[in-house]
Structures are given as structure tokens and as C-alpha cells.
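*Asks:* pasting a predicted model and its sequence here:
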Amino acid sequence: MTAWDTTVDVAIVGSGGGGMVAALTAADAGASALVLEKQDLIGGSTAMSGGVVWVPNNPVMRAEGVPDSYEDAMVHFDAVVGDVGPASSVERRHAFLTAGPEMIAFLQRLGVRFAYCRGYSDYYSNAKGGHDLGRAVEPVPFDGRVLGAWLDTLQPGLAKSLGLAVMTNEARSLSNYNRSIGAFAVSARVALRTYAARLRGRALLTNGAALIGQMLHVALDLGIPVWTQAPLEDLLVEEGRVVGVRVVRSGSPVLIRARQGVLLASGGFARNAEMREQFGGDQPNRAKWSIANPGDTGEAIQAAMRLGAKTDLMDEAWWLPSPRTGRFGRSTLDQARQRPRTIYVDAAGQRFVNESNSYMEVGKEMYARDKTSRAVPCWLIFDDRYRKRYAHQRSRPGWFPRKLLESGMVKQAWTVRDLARICDIDPAGLAETVERFNQNARQGTDPDYGRGESAYNRALGDPNHKVHPCLGPIDEPPYYGVQVVPGDIGTCGGLVTDDHARVVDGAGQPIEGLYATGNGTATVMGRHYLGPGASIANTMVFGYLAARHATRERRHA
Ligand SMILES: Cc1cc2nc3c(=O)[nH]c(=O)nc-3n(C[C@H](O)[C@H](O)[C@H](O)COP(=O)(O)OP(=O)(O)OC[C@H]3O[C@@H](n4cnc5c(N)ncnc54)[C@H](O)[C@@H]3O)c2cc1C
């Protein structure tokens, strides 16, 4: 007989989006839940993120009169994701599309507030069933003071590093504040909100921090315990069923019995170099470029694998092409590929992708190209008009931080051929590519890769740039080049789960008592990022389904 230290209905490993939704869902069903977080900060990558959640036909967009349907979204999954095996089976897509809107409505009922991300298009808006206006929501700004001392235990969000209370769907306007009246108005609103909050002494959270902050607030109100510094060590099994977990707390092992189930909502393994190397396949990665939270190290996946859990898509990640600006921190060059006067090229000087497409797609194309011509890293090329028009590293437009040039991170030359030489790119190849790109860009077309043809491409371009928001010639010297590596915001392959988020074994049978969601699972999105918020939606919806299933079993027990 196990000498349990404590007993709950549902033990939840991980305090990100999936874990927090599951805890609220279990509590709402009258079950006791316990959230176990290994780090000293709550919220995982979800709290650090944009907090955007992609849920087709959600109640927030419906309330704004924006049309959408289950059928369109299902067609869209078929058109873009295709057949990628059990992770994105018809049953799991059906579960995602039916439970998604319910999950948002459920959170709204508990007091979590969302805003519609109008204009933040699906990433494949041109594909069948795609949505130009977008299917995403994000949390409204939330005053973190109501969390009391818990506020200091939240992972710092995106906006904190900017020092602005900016919502994610507003952020793209900030860099265009000097180019369009609409963008100026949004930027002014953000500035007003930020300074008003400061004057009133409010700790205004936005993005992922507002999402986790709001859910944590409800969890605390409902009396759900959240233990930090409590890493899962192993899953405990009796008669073939997972019945609990062993965690370490204050240096000692604690045995927790979970009567109705254990949910692994513990993220992926983006920060585990050995696992990335072992499972990287054709997309090798040593975890050097990930910006996922530091706790994303995969022990929970390994614990489930020891029980015979099936895995899939382990080589996949939510890729994020990242210009290398090294110790100078991230720069706004991340957004360059979506703006005019830029291209990505391989070592032969050739383009290989629609640069404005989703970050996951561009990252995957870098790996695919690298098989025939070096594209990991590839190069971002731009001209001086680009430099003058946009802000770099939170500076004013046109001012290029000297340290980026002096360090050699950003290369500069007066001719395209000279730039190619110092970047170790084929000079003739690059000169030819730039000439062809320029000819077409002046007409606002890209016959080679269709850049700028989708609503998504245009939404992230420069709204006031003539003749096209995503296209412009690279023709004003000096020219610049920066290496780009396939970073990521998390891995997205892992445990195979069914439509109730139950982990399955090699024979496809559920491992009783064990559920998983989020980046530790093989995602329903397969190998594509369908829209802004696709990964947080994945973790939240299946967290909701897991808790519902576990607590339904409880009622029937
Ligand atoms: C800067 C940035 C911006 C992003 N923006 C967006 C966005 O706007 N929309 C979107 O959809 N995606 C976004 N993403 C990606 C998204 O944040 C993640 O894919 C998603 O939040 C993962 O959710 P999760 O629940 O699987 O894991 P997480 O949110 O990472 O939560 C997992 C938690 O489990 C904990 N844990 C791990 N192992 C253990 C263990 N052994 N014991 C106990 N606890 C453990 C971790 O410490 C972590 O806190 C962004 C990511 C980043 C980094």
C-alpha cells in the first residue's frame, strides 16, 4: 500500500494555459484539483506569450457579428493540416472545434475577459475555410494587484519587457505609428493606458500574463492550491492505472494520490538539448535558439514514455525564424520578413520561401532548403531605405544601433555583390535574385512565392507602403545582411492523446488515469500553425477536455 501524503481528484502537472484551464474545469465540476509547478514562477510559456488563443467560431467573435462556422474550420483543417496521423484525427479535430467555443464561454462565465483580435488573419487565410478577419481572441488588460503577493510569482509577460500595457493585436500598430492614422491612434491609446495605469499605481498585465493572471485569480478564489517549486519526479501506477504522482517539495518527496486522473500540462522539451538531438530527425536542433520558458525540458514526457506511451511528431516545433542579434537581445528585425524591401536567401543567394508566411512555415522551409543549399542559417537581406523607415531594437525609426554593426552581427556593404562576399553568399546568385525580386516588387507582385497575396501577409506588412504593404525593391545602398536561425517558441510533438486528451499506448489504447495536453503532446495542428494562438488553443482546449473527462468519470464512479 502506498503511503500517500495527500489526496486530490485531479493532479495537474504544469501551470501554463492547459494546466490552469483544467484546474478551473475540475473545480467547477466539484472536484478537487492541485496544480504542481516545478519552477518558482507560474504560467510557463503561456504567461510569457502573446496570450492569443485561436478558437474558430468562438463566442467573442460571434458577439461582434463576425461570421464563422464549425464546418468552415473543419474544411480548413483538411485543406491545410491534411493527414498527419492520430494527433490530428477527425475525432480530435471534432473535439477541438466543438470544445473550443465551449471552453471560451466557460472561462467567460468564471469572469475571464477576452477581446476579439479583429484583423489578425488566419495564417493560411487563402486556403479553403480560411478566415481573413481572424478567429483569435486575447485577454483584456488585467490589474495584477488583485493577485496580491501572487503577482510576484507570475512569469513576466511580453509587455513587461516593452514597458507598455500593449495588447498583442495592438502591437503590430506600434511600429507603424508614424505611417498611418489608424496605427497612430492605436499607439496613442496604448500610451494613454500605460501612463494612466502608472498614475493610478495599477500593475496592468496584458498578453499571456493577463491570461494566466486572470485564471490564477479565479483559481485562488475557488481555493485551488498551486504549488510552485514542485517538480514531477514520476507517475505512480497501481494495477495498470496511473493513480498519482511523486513530486519533490522543499527537498523531500511527496506522494500525491489523484483519484480521477493525472494531467500532464507540463509543456514540451524545447530546452532539452539531448531530447532535441535524439528526436530532431530532419529538423535537427540543439535547443540553442528556443525562447520557450526555461522549464520546457520534457521530464513529464519521459515519465509517460517509461509507461509505454506512444509519441509522434517529436521532430516538430513551433518554429520562429530569428535574426541573430546575439547578446544585444532581440531586435525588431524579426518583423522584417513581412515588410517591404527585404528577402531571405540561402547560401546560393536564392530565395526559397514566401518570407511573409507563418513563422512555423518559414522555419520548416529553412530546414527543407538546407538539404540542398545551406539555409540554416539563412540570411535576411535589406537596404538602407528599410533601415531608415523602421525602428530597430526599440529605437526611433532610422537609427540603427551601432553595436549591431560594430559587432559584425549585421553586415553592411555598398553593393549587393560585396554584401554577398562578406556574408559568404554566392555573389552572382544574390545579384540575380535581388534584380528579379526588385523588378516584380516594383509592380507589387511576387510571381515566385506569392508574397503578399494573403490577408495574413498583408496584415503584418506596412499599411502605408506603396505599391504594396509587403513588397518593395531592395535598391538603396548600403545593403545589409543578418543571419537567421530557426528558433522556436516550443516543441509541439510528444505524447499521442485521444479526443478526451487521454494518453494512449503503442496499441492506441488509453493508459488509464493519464491525460496530457499542450506542447508535451503531438498537436492537433499537425505540422502547421493555423492562426495566431494555435498553440495556446491547443493546450487550453485539451486541458479543458481532460478535466471534463476525468471529472465525468468521477460522477460515474
Ligand atoms: C514569447 C512567446 C510568445 C508566444 N506567443 C504565443 C501566442 O500569442 N499564442 C500562442 O498560441 N502561442 C504563443 N506562444 C507559444 C505558447 O506560449 C506555448 O506553445 C504554450 O503556451 C505552451 O503551453 P503549455 O501549457 O503546453 O506549456 P507551458 O505554458 O509552458 O506550461 C508548462 C508548465 O509546466 C511546467 N513544468 C515542466 N515540467 C514540469 C515538471 N516536471 N513538474 C512540474 N511542472 C513542470 C513548466 O515549468 C511550465 O510552467 C508564445 C511563446 C513565446 C515564448
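*Replies:* Cool, got the structure. The shown structure was predicted, so the numbers you read here are calculated from the model rather than taken from an experiment.

*Asks:* number of nearby residues for the residue of the stretch 201-350 of the chain found nearest the ligand?
*Replies:* For the stretch 201-350 of the chain and the ligand, the shortest gap (C-beta to the nearest ligand atom) falls at residue 295, measuring 2.6 Å. Backbone N, C-alpha and C define where each C-beta goes, glycine included. Residues lying near residue 295 (other C-beta atoms under 10 Å) number 22.

*Asks:* ok, residue 220 touching residue 150?
*Replies:* Yes. Taking contacts as C-beta atoms under 8 Å, residue 220 lies within contact range of residue 150: 6.6 Å.

*Asks:* backbone dihedrals for the closest residue to the residue of the stretch 201-350 of the chain closest to the ligand other than its chain neighbours, please?
*Replies:* Distances taken as C-beta to C-beta, 6 or more residues apart in numbering place residue 39 nearest to residue 295, at 4.6 Å, with adjacent residues excluded. Note on residue 39: backbone dihedrals following degrees, to the nearest 10 are phi -90, psi 170.

*Asks:* may I ask you to name the longest helix in this structure?
*Replies:* If you go by DSSP state H, the chain has its longest helix at helix 534-556.

*Asks:* now do the residue nearest to residue 295 against the ligand, distance only.
*Replies:* 4 Å (C-beta to the nearest ligand atom, to the nearest Å).

*Asks:* and the pLDDT for that residue?
*Replies:* The model reports residue 39 with a pLDDT of 97.

*Asks:* can you count the residues close to it?
*Replies:* By other C-beta under 10 Å, 18 other residues sit near residue 39.

*Asks:* so how far is residue 37 from the residue of the stretch 201-350 of the chain closest to the ligand?
*Replies:* According to C-beta to C-beta, to the nearest Å, residue 295 stands 8 Å off from residue 37.

*Asks:* where does pLDDT dip in the protein?
*Replies:* Scanning the chain with the threshold set as pLDDT under 70 gives 327-331, 393-399, 553-557.

*Asks:* repeat the analysis, applying 80 as the threshold.
*Replies:* 1, 158-162, 175-180, 326-332, 391-402, 553-557 (pLDDT under 80).

*Asks:* let me see the contact set for residue 88.
*Replies:* Counting by C-beta atoms under 8 Å, 6 or more residues apart in numbering, residue 88 makes contact with 77, 81, 523-526.

*Asks:* same check on residue 6?
*Replies:* Residues near residue 6 by C-beta under 8 Å, 6+ apart: 34, 254-257.

*Asks:* any shared contact partners between residue 295 and residue 37?
*Replies:* Contacts common to residue 295 and residue 37, judged by C-beta under 8 Å, 6+ apart, are residue 44.

*Asks:* which element is the residue of the stretch 201-350 of the chain closest to the ligand on?
*Replies:* Using DSSP states H and E, residue 295 maps to neither a helix nor a strand.

*Asks:* isn't it right next to residue 268, touching?
*Replies:* No. Using C-beta under 8 Å, residue 295 is not in contact with residue 268; the gap is 10.5 Å.

*Asks:* and the stretch 351-500 of the chain, which residues reach the ligand?
*Replies:* Residues of the stretch 351-500 of the chain lying near the ligand by C-beta under 6 Å from any ligand atom: 489-490.

*Asks:* all helices for the stretch 351-500 of the chain, in order.
*Replies:* 359-370, 384-389, 402-406, 416-423, 427-442, 455-459 (DSSP state H, counting those that start in this stretch).

*Asks:* how about these in TSV, adding mean neighbour count?
*Replies:* Shown next, in TSV, are the helices of the stretch 351-500 of the chain (neighbours: other C-beta atoms under 10 Å):
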stretch	mean neighbour count
helix 359-370	22
helix 384-389	18
helix 402-406	13
helix 416-423	20
helix 427-442	18
helix 455-459	22
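
*Asks:* which among those is found nearest to residue 467?
*Replies:* Closest approach to residue 467 among the helices of the stretch 351-500 of the chain is made by helix 427-442 (7.5 Å; C-beta to C-beta).

*Asks:* which strands and helices sit next to that closest one?
*Replies:* Packing partners of helix 427-442 (3 or more C-beta pairs under 8 Å, 6 or more residues apart in numbering; DSSP states H and E): strand 342-345, helix 416-423.

*Asks:* ok, and what's touching it?
*Replies:* Looking at helix 427-442 with C-beta under 8 Å, 6+ apart, the contacting residues turn out to be 340-341, 343, 345, 348-351, 381, 416-421, 446-448, 467-468, 471-475.

*Asks:* and these, which of them are buried?
*Replies:* Among the contacts of helix 427-442, those classed as buried by 16 or more other C-beta atoms under 10 Å are 340-341, 343, 345, 348-351, 381, 416-420, 446, 468, 471-475.

*Asks:* so how far is the helix or strand harbouring residue 186 from its chain's centroid?
*Replies:* Assigned by DSSP H and E, residue 186 belongs to helix 181-199. How far helix 181-199 lies from its chain's middle: 25 Å, per C-alpha atoms, centre = their mean, to the nearest Å.

*Asks:* packing partners for it?
*Replies:* helix 168-174, strand 204-205.

*Asks:* so which elements touch the longest one?
*Replies:* Secondary-structure packing of helix 168-174 (3+ C-beta pairs under 8 Å, 6+ apart): strand 136-139, helix 181-199.

*Asks:* hmm, who's touching that helix?
*Replies:* Here helix 168-174 has contacts from 50-52, 115, 117-120, 136, 138, 158, 164, 166, 180, 182-183, 186-187, 189-190, 206-207, 459-460, 532, using C-beta under 8 Å, 6+ apart.

*Asks:* centre of the chain to that helix, how far?
*Replies:* 16 Å.

*Asks:* output the set of residues of the stretch 51-200 of the chain in proximity to the ligand.
*Replies:* 51-52, 158, 168.

*Asks:* tell me which two of these sit farthest apart.
*Replies:* Using C-beta to C-beta, those reach their maximum pairwise distance at 52 and 158, which is 10.6 Å.

*Asks:* neighbour count: the two, which is higher?
*Replies:* Using other C-beta under 10 Å as the criterion, residue 52 and residue 158 rank with residue 52 on top: 25 against 19.

*Asks:* OK, contacts around that one?
*Replies:* 117, 120, 136-138, 168-169, 532-533, 536.

*Asks:* of the helices of the stretch 351-500 of the chain, which approaches residue 548 most closely?
*Replies:* Closest among those, once you apply C-beta to C-beta, is helix 359-370, at 28.7 Å.
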